[in-house]
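Visitor: for reference, the sequence and a predicted model appear below.
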Amino acid sequence: MYSQKGQNLRSRKHDFINKLIACGNIYQLPYNNNASILAANAIIESPTKILTGKGLFQKRIERQAQKLRKHDKYLINSATESIWNLRLTSIQRDGFESLANEANNIIQNRARSNADDDMSNMMMRISTPQVTNHPFGNCIYNGIDFP
């Protein structure tokens with residue numbers, strides 16, 4: 001009984017993988033290999049998630065599975081693992097990884113830039129002098145006036 005279920009699952013997975021490969025576009029890099037567009041979409045979808053090459057490839061498989069009207073998450077994950085580990089060349093895997101790393105760098109640089117801008121804006125808004133009872137504290141909080 002169990003071996004028949006296992007064979008049935010393997011057969012379904014094999015058929016699904018063949019259909020995915022027949023479509024051909026699962027090996028293409030998303031967004032025409034444009035890391036800027038990928039980064040912009042990643043920020044909208046999930047701003048805190050770090051992109052990986054395998055994650056990008058899985059999204060490709062999931063989109064194709066929707067077109068094929070396959071919704072079995074286990075089958076999709078299993079097919080992704082098999083194709084990633086056994087069917088993709090190292091150059092293809094490196095392409096997905098490189099695109100993910102470039103997009104992550106763009107996202108991090110934008111975040112740093114936004115944080116720097118926020119800090120500058122906050123510093124410029126400080127115009128109220130801080131009142132202290134000690135001259136040293138006054139120098140720390142309000143700066144030193146040179147004649």
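Guide: Noted; the coordinates are in hand.
Visitor: where does pLDDT dip in the protein?
Guide: 1-6, 112-130, 137-147 (pLDDT under 70).
Visitor: now the helices for it?
Guide: 2-23, 35-45, 53-67, 73-82, 90-125, 135-142 (DSSP state H).
Visitor: export those helices as CSV, with columns for mean neighbour count.
Guide: Quick note: C-beta positions are derived from backbone N, CA and C, even for glycine. Listed next are the helices of the chain as CSV, based on neighbours: other CB atoms under 10 Å:
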stretch, mean neighbour count
helix 2-23, 12
helix 35-45, 16
helix 53-67, 17
helix 73-82, 16
helix 90-125, 13
helix 135-142, 12
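Visitor: looking at those, which is closest to residue 29?
Guide: Distance to residue 29, taken as CB to CB, is lowest for helix 90-125 among the helices of the chain, at 5.5 Å.
Visitor: list the buried ones in stretch 81-88?
Guide: 83, 84, 88 (16 or more other CB atoms under 10 Å).
Visitor: pretty sure residue 13 is touching residue 81, no?
Guide: No. Counting by CB atoms under 8 Å, residue 13 does not reach residue 81; the two are 9.9 Å apart.
Visitor: quick one on the thing from earlier: out of the buried residues of stretch 81-88, list just those in strands.
Guide: When strands are assigned by DSSP state E, not one member of the buried residues of stretch 81-88 lies inside them.
Visitor: residue 34: which of those residues is nearest?
Guide: After measuring those against residue 34 - CB to CB - the closest member comes out as residue 88, at 20.4 Å.
Visitor: so what's the most centrally placed residue in the chain up against?
Guide: The chain has residue 51 as the residue nearest its centroid, 2.4 Å off, counting by CA atoms, centre = their mean. For residue 51, the contact set (CB atoms under 8 Å, 6 or more residues apart in numbering) comprises 38, 42, 100, 103, 104.
Visitor: quick check: the second one touching residue 107?
Guide: Yes. Assessed by CB under 8 Å, residue 42 is found in contact with residue 107 at 6.5 Å.
Visitor: now for residue 80: which residues touch it?
Guide: Residue 80 neighbours (CB under 8 Å, 6+ apart): 54, 57, 58, 61.
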